[in-house]
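Colleague: Below: sequence and its predicted model.
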Amino acid sequence: MSTQHGDPGHGDSPAAWTAVVVMLLGIAAGTVFFFLHMATMVWVCAGIVVVGALLGWVLKKAGLGVDGPKYSPKTHD
């Protein structure tokens, strides 16, 4: 566990959290549909995973990433 002060935050930002949550929901739903033999919905969920990654990139470009101007890191006291 690192406590260095130049640490980039390991993606602990609104952009990263949003991307991860959307992708996890896509993977979870895709897994369920896979076991239910619903191939079309599996591919839809694969698309949701791609959308989640793009959403994280868009939010980072909008300033909500770790180094973005709209991001305010939380202090750990």
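Modeller: Nice, I can see it.
Colleague: what about the helices in this protein?
Modeller: 14-35, 39-59 (DSSP state H).
Colleague: can you list those in CSV and add mean pLDDT?
Modeller: As requested, the helices of the chain are exported to CSV (pLDDT from 0 to 100):
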stretch, mean pLDDT
helix 14-35, 96
helix 39-59, 97
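Colleague: Please work out how many residues are found near the closest residue to residue 21 other than its chain neighbours.
Modeller: Leaving aside its chain neighbours, residue 21 sits nearest to residue 52 (7.8 Å; criterion: Cβ to Cβ, 6 or more residues apart in numbering). (Glycine included, C-beta is placed from N, CA and C.) Close neighbours of residue 52, defined as other Cβ atoms under 10 Å, add up to 20.
Colleague: before we move on, what about residue 32?
Modeller: Neighbours of residue 32 (other Cβ under 10 Å): 13.
Colleague: That one and residue 41: what is the separation?
Modeller: As judged by Cβ to Cβ, to the nearest Å, residue 32 and residue 41 stand 9 Å apart.
Colleague: Report the separation between residue 68 and residue 37.
Modeller: The gap separating residue 68 from residue 37 is 42 Å, by Cβ to Cβ.
Colleague: if we can go back for a sec, please list all residues in contact with the residue nearest to residue 21.
Modeller: 18, 19, 20, 21, 22, 23, 25, 26 (Cβ atoms under 8 Å, 6 or more residues apart in numbering).
Colleague: Give the full set of residues in contact with the closest residue to residue 51 other than its chain neighbours.
Modeller: The shortest distance from residue 51 to any non-neighbouring residue, by Cβ to Cβ, 6+ apart, is to residue 22 (6.8 Å). Contacts for residue 22 (Cβ under 8 Å, 6+ apart) come out as 48, 49, 51, 52, 55.
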